[in-house]
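**Student:** one predicted model, sequence on top.
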Protein chains: 2
Amino acid sequence: MSEALFKALADATRRAILDELTDRNDQTLFEICTRLAMKHGLGSSRQAISQHLAVLEEAGLVTTRREGRYKYHHLDTTPLRSIVERWPTE
Amino acid sequence: MSEALFKALADATRRAILDELTDRNDQTLFEICTRLAMKHGLGSSRQAISQHLAVLEEAGLVTTRREGRYKYHHLDTTPLRSIVERWPTE
DNA sequence: TTGACAGGCAAGTCTCCACTTGCCTATAAA
DNA sequence: TTTATAGGCAAGTGGAGACTTGCCTGTCAA
C-alpha cells in the first residue's frame, strides 16, 4: 500500500529518523532517541519515537531485528523508488 | 522547503491529481474535477480540488498559467528528485 | 449590458494523528 | 532473587488539515 509510505514520509520527526538511520544504520530505540536529541535537537519522548518507528516499519522503510532485550532498526529505501516510478522525473 | 513537498504528497486526492496531470498535462480546474470523477471515482468538490492544487503549487509540483478566465495547471516532477537524493536507493 | 461561466476567499465543522500518561512484559546485571 | 534496563500497550488530549458553505471577482458570449 502506497498510502502507508506517504503517510510515513509526511512527518518531520520520521524524516529525521530516516536521516539518522542513513547516517548510521542498525540502531536501537534508545540510540535513535539520544542521537536525535543531540544532532537534530529533537526532544521527542521514547514512546513518540517508538510509535514513529512502527509507522516507518509499516511503510516498509524500516525493518527490525530482535536480539535479547535490544531491537535493532535498519533502513530500507527501496520503497522510495515507487515514487519516481509513479511520476517520472523525466 | 521540503516540508511542503511531503505534505503535498501525503493526501490521496492530491496524488490522484498528480496521476491525472501525468496522464494529460495542462488542464484547467474544471477539467481536473470532471476527469477525476470519471476515471478515479472521486466525488470531490471544486473548492476541495482548488485547495489541493494550491498545496501542490506551494510544493512546486504544479505550476500555473493564466489565460483569460482559464487557469491551466501543469506538472513539474523535479522536486521529487530530492527524495531519492536525500535517502539514496543505492 | 446582462447573464453564464471559471475561479477565489474566508469562516466553520469534523476527523485523523502526534504526543502524553500510566502501567505492563521481558531480558540481563547485581 | 531483586533491581535496573529496553521496549510495548492502550486510553486520553490537543492541534492540524480536509472539506463544506456562502459569497465575491473577473472574463466572455448573447
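**Tutor:** Right, received. Where do you want to start?

**Student:** ok, and the closest non-adjacent residue to A:E57?
**Tutor:** Leaving aside its chain neighbours, A:E57 sits nearest to A:T64 (6.3 Å; criterion: C-beta to C-beta, 6 or more residues apart in numbering or on different chains). (C-beta placed from N, C-alpha, C; glycine too.)

**Student:** next one: that neighbour from DNA strand D, what distance?
**Tutor:** Remark: distance between A:T64 and DNA strand D (C-beta to the nearest atom of the strand, to the nearest Å) = 7 Å.

**Student:** can you report how many residues lie near that residue?
**Tutor:** 14 (other C-beta atoms under 10 Å in any protein chain shown).

**Student:** pretty sure it contacts A:Y72?
**Tutor:** Yes - using C-beta atoms under 8 Å, A:T64 is in contact with A:Y72, at 6.7 Å.

**Student:** the host helix or strand of A:Y72 close to DNA strand C?
**Tutor:** Element membership for A:Y72 (DSSP states H and E) is strand A:70-75. No - using C-beta under 7 Å from any atom of the strand, strand A:70-75 stays clear of DNA strand C, coming no nearer than 7.6 Å.

**Student:** ok, and what's touching that strand?
**Tutor:** Outside strand A:70-75, the residues within contact range by C-beta atoms under 8 Å, 6 or more residues apart in numbering or on different chains are A:18, A:21-22, A:25-29, A:32, A:53, A:57, A:61-66, B:87.

**Student:** filter those down to just the ones in helices.
**Tutor:** Members of these lying in helices (criterion: DSSP state H): A:L18, A:L21, A:T22, A:L29, A:I32, A:L53, A:E57.
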